[in-house]
Each structure stands twice: as structure tokens, then as C-alpha cells.
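K.L.:
Requesting a structural model of the entry that follows:
(2 chains)
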There are 2 protein chains.
Amino acid sequence: MNHADVGTFLLAFASALIGAKLLGELAERFGQPAVLGELLAGVVLGPSVLGLVPLSEGVFLLSEIGVLLLLFHVGLETDLAELVRVGAPAMAVALVGMVLPFAGGWAVARAMGSENLTAVFVGASLTATSIGITARVLSELGALKTREGQIVLGAAVADDVLGLIVLAIVSRVAEGGSVDIGAAVRSGGLAIGFLIGAIAVGIPLGRLLVRAVGKAGVRGVLVSSSVSFALLAAWAAMKAESAPIIGAFAAGLALARTNRRHDIDTALQPVVDIFGPLFFVYVGAQVDVGLLNPASAANRPALWLGLALTAVGFAGKFAAGFCAWGGVRRAFIGAGMVPRGEVGLIFAAIGLATKALPEREFLAVLLAVFATTFVTPPLLKTLRPKAR
Amino acid sequence: MNHADVGTFLLAFASALIGAKLLGELAERFGQPAVLGELLAGVVLGPSVLGLVPLSEGVFLLSEIGVLLLLFHVGLETDLAELVRVGAPAMAVALVGMVLPFAGGWAVARAMGSENLTAVFVGASLTATSIGITARVLSELGALKTREGQIVLGAAVADDVLGLIVLAIVSRVAEGGSVDIGAAVRSGGLAIGFLIGAIAVGIPLGRLLVRAVGKAGVRGVLVSSSVSFALLAAWAAMKAESAPIIGAFAAGLALARTNRRHDIDTALQPVVDIFGPLFFVYVGAQVDVGLLNPASAANRPALWLGLALTAVGFAGKFAAGFCAWGGVRRAFIGAGMVPRGEVGLIFAAIGLATKALPEREFLAVLLAVFATTFVTPPLLKTLRPKAR
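P.N.:
Numbers count the residues shown, from 1 in each chain, chains lettered A, B, ... in the order given. Here you go, the predicted structure:
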């Protein structure tokens, strides 16, 4: 890695942080969650406008660290018992919230002239909620520990796990194979097994860790051991064909049950404040502003399809919120499920690579992923339940 | 960047953190500074032993973030007025500490059969002290704010700046050019001018920043603004042909003069605890254990030369400490100047690339850089002045 690359990286890191805080502050002054400002900062700083934050390997890794630490922190602030208590409504929200956008996306794509395989891919890429966006907005609104917040979080984790199973099936189909029920069941079992196993093993391991750390005298050992615990869990999740953020979240859940929860939480806060926004800036930086210009005739087919996909993607998740029960504010839950993110982008990238998604459908999926993401922070802010 | 690369990166990050804390703790139990354990953890985890921490771009960038945050933190804990007060003895230590190792390295290389240009390169690569190692050990020993600590810090900053000037001259010579006094003076003026300018501009800018941040309501804005201030200063330093750590250090010096110094310091501590050790692990990971085996005849020429260079490199810096005055413990100052690091490794890499350093001399320089680094922590611990 040469001198100039290091310079570019430092400038990207610095401008992402500054942009995130400036536009985050501005968003708050307009009564919006700061994360909306961070996403917009990414758009402005990204390759399609100012070009200060490139989509390079270094910036990507920073954003990965950011989202892992964020989900670890969210796990640390989550009560596992409460999450289990809302398990049934969360599962209902997750399942309906996958089926409706899938069906809607498929139907819209078919109606607008896509082939069947392409339409399947389009529908699948609308199934998974972005835990990162959702968790961050809930945390900003102080709604993470409400019953609504727990249902959204549980459902988002569930559909991220389920989304990976759908991905395994659909990408096999796209590569020209047939649907292999055995492989899908295995992959699903592995992902669910990992989550349960990680929590079951993580809780005693976390206690062991905290006890061992209590005997150590070296500086900063609690926070750095906790972070390495989360990183190892993220790595293990990838090995189990699950998503790294699921591992980091499970690690947080496990350490939340130790007596050092509060100390870890406090020490982690500035680290999350620095690295968390980089993830949202990176998401924003992936938006290509040029393709959003409706004045260019070349953009219009993708824009129309994207608009339609945004509509069904939004409606499907929002409706799913009304499957929840237990005296909760269901519109808030529906809104919390709306943002797509990482998994949708991965679907789109695989679709493009395997040619299952032609250019128009690829761009439309990207548009729907970003539109649902940008619309969620203000929506959640408006719909949030009153504090009890 | 594919799936497997992210997994490798996460595993490297986690194992570097765990290894650093485990061996750091072990080092402390043996009465040694933790940083010695972190360096050894790097050797064990690096490519030449376990291979868990590769010398990849991602790991390198993490280690860069680590050393920048570390130097920023050190700057934040340094009193600029005190640093200026010890300016004269620090400059004396820096200059003598460059001349003696240069002369010694040149003489040893000539005596052991190197050509003249090669010997010049060998001598030059022994001139610059590693601020990172020195600052960390001083901080661990609680000696950063002693008069001795300030002299070492000032001298290390000075010889890092001067070392870059020597680098500019020597690499021009290595590329077949002649010594261009004008260019050397310009490059020197630029580096020194940057340091003075960064502090002069940084102090009012830092106050402005702290005042603006005081009015902002968004979460974590103080720590993230401070870090972006340091990153921008590091980037500016590179643009001014200086080293990024000099910029980060100057940013720390500037923010130390604001009324939020303590808050920034507290919030930064866990961030430095997580990322700082990664730098030392990365330094250790660059050691190729295989080349240290004296049983292999192929290794012996480089080992002998390396041993001799370590001896003159050590003696030159140690002797320079005795140029300090003002009722200080001069052996401690000399020992603090001993570790080489980044700049020495950069010299070696350029020497290899331009063929100014043949294989034997290249390996010998690496050996001397690492040997002086590993010997310093225990030595400083032994020689540290009593608390007053």
C-alpha cells in the first residue's frame, strides 16, 4: 500500500466523520434522526458527488467494524428474556414481512416485463430488513427497550437469518441449478442453529471472560476483550454461513448477562460514536446520484420500476407490522421493518454477477433498497409510541 | 472484497487483540511493560509462525489508525510549554542521536564489506527513533510528564522530522542522483514549517472546534470531532511531506490547550486501548522468525551484520542521552531514544526497492530495527527515574 493510498484513506475517514456529524446535527435541528444526516453525508461525500469517500477496501472495512460494533452495542443493551418473550409476534412479523414483499416484488417485476427468474430475484432481494438502520434509529429514539422496539429487533434478526436462507436458494437457481430442498434445510438449520448455539455457548463463555478479565491488571483489558469476543462471534457466524452482524449481536446479548454489562457499555460508547457513523456514510456513498435524474431518458425505465418496487417493498413490510399483537403500536413496528440494506445489496450484486438481474432490474432494486432506508428514520420518529 | 477476506480480517483483528492482551498481561507479571508482550504477540501471530495476522492492507490500516490515535492521545497529555522549555536539550539529544548511529552504521557496514552507497543507506536507516514505541512505554511507566519523558518525546519528534529529511536526500542519491542541497533545505523547511504551522494554526482551530461542538446536540460529537481533527492533521502532514504521526501528535498538543482536554482524553482512552495494541502487533508480525535461526548457515552473514548494527545503533542513541542537561537521569533518556521503528523500516524498504541495499544489508537493518525495539521496554523499566 503506497503513500497516496494512506493519504486518501485518512482523508476519507476524516471527512466521513465530519460529514456525518455535521449533517447529523443538521438533521436533528430539522427534527429528524441523526442517522438520516449520516446517510445523506455519504451520498454527498461518495464517488457520485464529491468523491472524498471512495468505495475502497479500507473504507469498506472501517464501515464493517462500525456496523459490527453497533450491533454488538445493541445486543449489550438488549434483554434476552424480553426478546424471547416477544418471540412469537416477532416471528409472525418477520415471516409475513418476507412473504408480502417477495410476492409484491415478483408481481411488479412480471407486470413490468421482467422474466420469471429475474422477477424471483427481484422479489427475494426485497425480503430482508436492515438491522443496522433499524437498531440505530430505535436507539436514537430511545425506543430500543420498548415492547415495540424488541419486536422490531427480534423480527429483523429473524428475517436476516431467513433472508440468508432465501439467498442460498435463489442464488443456486440463478446459477442454473434446481431448487435443492435438502441444501436449503441444511443451510437454514445451520443459520438458526448458530444463533441459538452462539447464545447458549456465549453466556457461560462471557461470564468466564469477565471473571478472567477481573484478575488481569493490564490497561483497557475489559473493553478490548469484549470487542475481541464480538469479533470472534462475527467470524464464527460467517463460518456458519450466517451474517457477521448476527454473531456480533449474539455476543452482545451474552455479555449483557454478566455483571460488567454497564462498564462495557460505557467504554464502548465513544468507540461506537466514532465507527458507527462510518457504516451509514458508506451506505450513502453507494448511491449513484446520476442515475436518479429523471430528466435523463435512459434512467426512466429503472426509475419507474424502482418506484414501484419501493411502493410494494414499503407496503409489504408496513403491513407485516400489523401481524404483531399484545397492545403494541403496530404502525411503528411496521415502519421499523421497512429499511432494506446489506442483504438487499448483496442480492443485487449476486444478481448482477450471475446475470439473473439485467441492468434495469439491478438499478431498480438498488433504488428500492435506498429509498426504503432513507424514508424510515423520519417515519419512525413520527410514529414513535409515547414513553410509558 | 470477498467473503473469505472479511473473515480473515475479522479473525486477524480478534486474535491480535486477544494475543496483545494475553501476552501483555504475561509481560506485566514478569515485571515488563505490556508493550513488550504486544510486540511478541505480533511475532507469534504473524506470517512466520501462526499466520493468524497477515500483513494485509486491512491489518495495516488498522495499525495505522492505532498509532495515529496513540500519538494523538500522547499529544493530548503533553504540555506544549513544557516541551518548548526542554527544547534545547531535546535538540541536542536528537542531533547527536542521529549523527552517532549514522557514523557507526556506516563504519560497521564498510568494515564488513558493504559498498559506500550501501553503507550510507545502512547508516541513515539507523537515525530515527520510533516515537510510537517510546511514547507508549513512557506512558505505561507514568514517565510521560517527567522532565526526562518530555526530553525523549521532544527529541523523538525532532529526529522523526530530521529523519524524513535524511530520507529525502538518501533516496535521491540511491536513485542515482546527486545530493541536491536546495531540495534538502526545502524539504527540511517544509517539515519543520509544518510542525510549527500545525501547532500555530491548530491551537485557535482547536478552540473554535471545541466551541462549535459545545453548541451541538448530536451524540458523541466531541470525541468524533477530535478524532477527525487528528486525522485531518495527519493527512495534512503527509501532504507537507512529513509523517502522519507528527500531524496527529500536533493535533493532540493543540487540543490539550482547550478546556475540554480532560473529556476528550477520557472518551479516547477505550478507543486507544482497542486500536493502539494493533500497531505493536503489526510491528511484531513483520519479524520473520525463520531468518533469526543461527543454525542455518544462509542466515549467518545477515545475523552478524545485524548484531553489529544493533550494537552501534544502541550505543549511538544511548550515548546521545548523555548530551541532555538540567539535572535529569540521562541514562533513561538515552534508553528512551533507542527503539527504531517505522522510519527505519521505510528506509529498508526503499533501499531494497532501489537496490541500494542488497539482501544481506536489508535483513541486517530489519534485525537492528527490531532488536532495538524489543530491548527498550525492559531497559526503560529498569532505568526509570524515581517519582518526585
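
K.L.:
From the contact counts, what lies against whichever strand or helix holds residue A:81?
P.N.:
Here residue A:81 sits within helix A:80-85, counting by DSSP states H and E. The contact analysis (3 or more Cβ pairs under 8 Å, 6 or more residues apart in numbering or on different chains; DSSP states H and E) places helix A:80-85 against helix A:147-174. For every residue, glycine as well, the C-beta is placed using N, CA and C.

K.L.:
next helix or strand past the helix it packs on?
P.N.:
Next element after helix A:147-174 (DSSP H and E): helix A:181-215.

K.L.:
Return the residues in contact with residue A:34.
P.N.:
For residue A:34, the contact set (Cβ atoms under 8 Å, 6 or more residues apart in numbering or on different chains) comprises A:24-25, A:27-28, A:140, B:218-219.

K.L.:
try 10 Å this time
P.N.:
Neighbouring residues of residue A:34 by Cβ atoms under 10 Å, 6 or more residues apart in numbering or on different chains: A:20-21, A:23-28, A:136-137, A:140, A:277, A:280, A:377, B:217-221.

K.L.:
quick one, phi psi at the nearest residue to it once chain neighbours are set aside?
P.N.:
Using Cβ to Cβ, 6 or more residues apart in numbering or on different chains and skipping the chain neighbours, the partner closest in space to residue A:34 is residue A:24 (3.5 Å). The phi and psi values for residue A:24, taken as degrees, to the nearest 10, are phi -60, psi -40.

K.L.:
hmm, who's touching the helix holding residue A:81?
P.N.:
A:75, A:79, A:90, A:145, A:147, A:149-151, A:153-154, A:157, A:199, A:203, A:250, A:252-254, A:256-257, A:326.

K.L.:
Could you tell me which residues make contact with the residue nearest to residue A:34?
P.N.:
Here residue A:24 is in contact with A:32-41, A:140, A:277, A:280, B:216-221, B:224 (Cβ under 10 Å, 6+ apart).

K.L.:
Could I have the buried ones of the residues you listed as PyMOL selection syntax?
P.N.:
Selection command for PyMOL covering only the buried members of the contacts of residue A:24, criterion 16 or more other Cβ atoms under 10 Å in any protein chain shown:
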select buried, (chain A and resi 32+33+34+35+36+37+38+39+40+41+140+277+280) or (chain B and resi 216+218+219+220+221+224)
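
K.L.:
Go through the contacts of residue A:24 and flag which are in strands.
P.N.:
Within these, no residue falls in strands by DSSP state E.

K.L.:
still on that earlier bit, just the buried ones out of the contacts of helix A:80-85, please.
P.N.:
Going by neighbour count (16+ other Cβ under 10 Å), these have A:75, A:90, A:147, A:149-151, A:153-154, A:157, A:199, A:203, A:250, A:252-254, A:256-257 buried.

K.L.:
Let me see the mean pLDDT of the helix holding residue A:81.
P.N.:
Here helix A:80-85 scores 86 as its mean pLDDT.

K.L.:
and after it, which helix or strand comes next?
P.N.:
According to DSSP H and E, the helix or strand after helix A:80-85 is helix A:87-111.

K.L.:
how about the very next helix or strand once past that next one: buried residues?
P.N.:
For helix A:87-111, the following helix or strand on the C-terminal side (DSSP H and E) is helix A:116-124. Neighbour-count burial for helix A:116-124 flags A:117-124 (criterion: 16+ other Cβ under 10 Å).

K.L.:
List the contacts of residue A:41.
P.N.:
Contacts of residue A:41 (Cβ under 10 Å, 6+ apart): A:15-24, A:26-27, A:53, A:277, A:280-281, A:284-285.

K.L.:
which non-adjacent residue is nearest it?
P.N.:
residue A:19 (3.5 Å).

K.L.:
For that neighbour, which residues are in contact?
P.N.:
Per Cβ under 10 Å, 6+ apart, neighbours of residue A:19: A:37-38, A:40-46, A:50, A:52-53, A:277, A:281, A:284-285, B:228.
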